[in-house]
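> pasted the sequence and its predicted model underneath.
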Amino acid sequence: MDELRGDQASWVFDSQSIAVRYETKGWFRSPLLKLLERVDVPVSAIQDVDFRPGAGRRNGWVMNLRLHEGMDPYAAVGAALDDKAQPFRLTGPARTELVAEYLADQIRFAAGRAAEPDPATPTRLVPALPLHIRTCEGTARLEPDRLTLVWAGAHASGYKKKKQRREYDLADITGVEWAPLDDWGWGFVRIIAGGTADAAKPKNDLNVLRAGDGSNESHQAFLLAATVTAHRWALGAATRAALGSGEAAQDGAGPGFDDPEWWKNAARTALEAVRGPRPTTDLPGDGAADAADGGAGDGGAPPRPADTTWIFEQIERLGALHTKGLLTDEEFSTKKAELLDRI
């Protein structure tokens with residue numbers, strides 16, 4: 001087991017994971033890392049290690065973990081984060097450069113031999129649920145299946161106080177935005193559901209919880225955004241795995257519209273419809289019946305034109321599944337193209 005102590009954290013590496021413990025004492029420490037306290041990073045989540053000797057303060061070293069795509073929820077929502085607040089970054093003095101470089105090589109080697117990362121890994125890199133944050137505008141509570149915003153703070157607008165609260169099923173959330181403090185001392189976290197954002201200003205946007213410049217409010221909002229993102233990724237990965245497993249509900253009655261299983265079955269049905277020919281029903285005078293009898297005339301029945309109404313209905317269904325996060329951008333584009341080719 002190797003341990004490396006840096007300026008803002010200590011890393012303990014045991015060949016399977018890196019236990020990161022953030023320094024929490026001292027006014028100069030990152031408020032975000034103080035809130036986070038600790039994370040355990042599996043080596044399977046690591047794509048590479050960026051080690052730069054002499055790039056830090058007073059010719060010290062800098063080391064960054066580069067995680068696989070879809071593994072780092074902090075990078076997904078925190079492009080504006082200061083370097084000192086990066087959770088997978090470690091810096092240290094020149095005198096420990098050789099030790100740090102050795103550890104970087106060991107981590108890089110272990111990551112190269114690791115299996116594919118568990119899709120649920122991002123949830124291990126964020127605070128545990130339930131997560132509750134409070135700002136001067138209100139509160140947010142994230143549970144395993146839902147998120148609740150409540151506007152009861154002193155700085156909530158009259159419009160928001162009148163509406164009181166908004167709840168989201170986690171499966172309905174399609175994106176999260178975080179904005180750091182602006183020149184007026186306001187930041188916010190915005191929840192996107194249904195694929196579109198509200199056009200209202202943050203003060204009156206019912207999908208927004210604003211954060212002021214006190215009590216680490218902006219950093220709390222950032223942790224909320226990263227945690228929602230991590231659990232959205234994990235939920236989407238689990239749903240896609242279920243769709244590919246071929247498992248179906250065994251209950252006597254089918255799942256309801258609000259049940260995630262309903263959407264799984266809908267996605268499976270839609271994809272099967274795209275892959276295969278459209279089922280037809282023989283109706284009086286329908287060309288399919290004539291073809292079964294050898295066709296009309298010597299040449300048989302003429303080919304049936306594509307049913308564009310049905311095709312556009314399937315595209316709409318696929319679009320709904322894509323919005324729900326049950327189909328990736330690539331899957332949606334591919335299946336949409338296949339349907340349009342039939343016209």
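Looks like it came in fine.
> how about low-confidence regions in the protein?
Across the chain, the ranges flagged by pLDDT under 70 are 27, 80, 195-199, 241-310, 312-313, 322-326, 342-343.
> and the helices in it?
31-36, 73-77, 97-113, 158-163, 217-245, 260-275, 287-292, 308-323, 329-340 (DSSP state H).
> in the first one, what's buried?
Using 16 or more other Cβ atoms under 10 Å as the burial criterion, the residues of helix 31-36 that qualify are 31-33, 35-36. C-beta: built from backbone N, CA, C; applies to glycine.
> let me see the domain layout of the chain.
Domain assignment of the chain by automatic domain parsing yields the ranges 2-124, 131-241, 260-293+302-340.
> of the buried residues of helix 31-36, which is the nearest to Asp14?
Leu36 (20.3 Å; Cβ to Cβ).
> residue contacts, Pro42?
Counting by Cβ atoms under 8 Å, 6 or more residues apart in numbering, Pro42 makes contact with 16-17, 114, 117-118, 121, 124.
> also Ala179?
Residues near Ala179 by Cβ under 8 Å, 6+ apart: 80, 187-190, 202.
> can you do 6 Å?
Contact analysis of Ala179 by Cβ atoms under 6 Å, 6 or more residues apart in numbering lists 187-188.
> how about Gly214, nearest residue that isn't a chain neighbour?
Distance criterion Cβ to Cβ, 6 or more residues apart in numbering; nearest residue to Gly214, sequence neighbours excluded, is Cys136 at 7.0 Å.
> these two touch, right, that neighbour and His155?
Yes: under the criterion of Cβ atoms under 6 Å, Cys136 makes contact with His155 at 4.4 Å.
> on that earlier part again, could I have the buried ones of the contacts of Pro42 as ChimeraX selection syntax?
The buried residues among the contacts of Pro42 can be selected in ChimeraX (16+ other Cβ under 10 Å) with this line:
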select :17,117,121,124
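> tell me which of the contacts of Pro42 fall in strands.
Cross-referencing those against strands under DSSP state E gives Ser17.
> need the contacts of Pro42 in TSV with distance to Met71, can you?
Below are the contacts of Pro42 laid out as TSV (distance: Cβ to Cβ, whole Å):
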residue	distance to Met71
Gln16	16
Ser17	13
Ala114	12
Pro117	6
Asp118	10
Thr121	6
Arg124	10
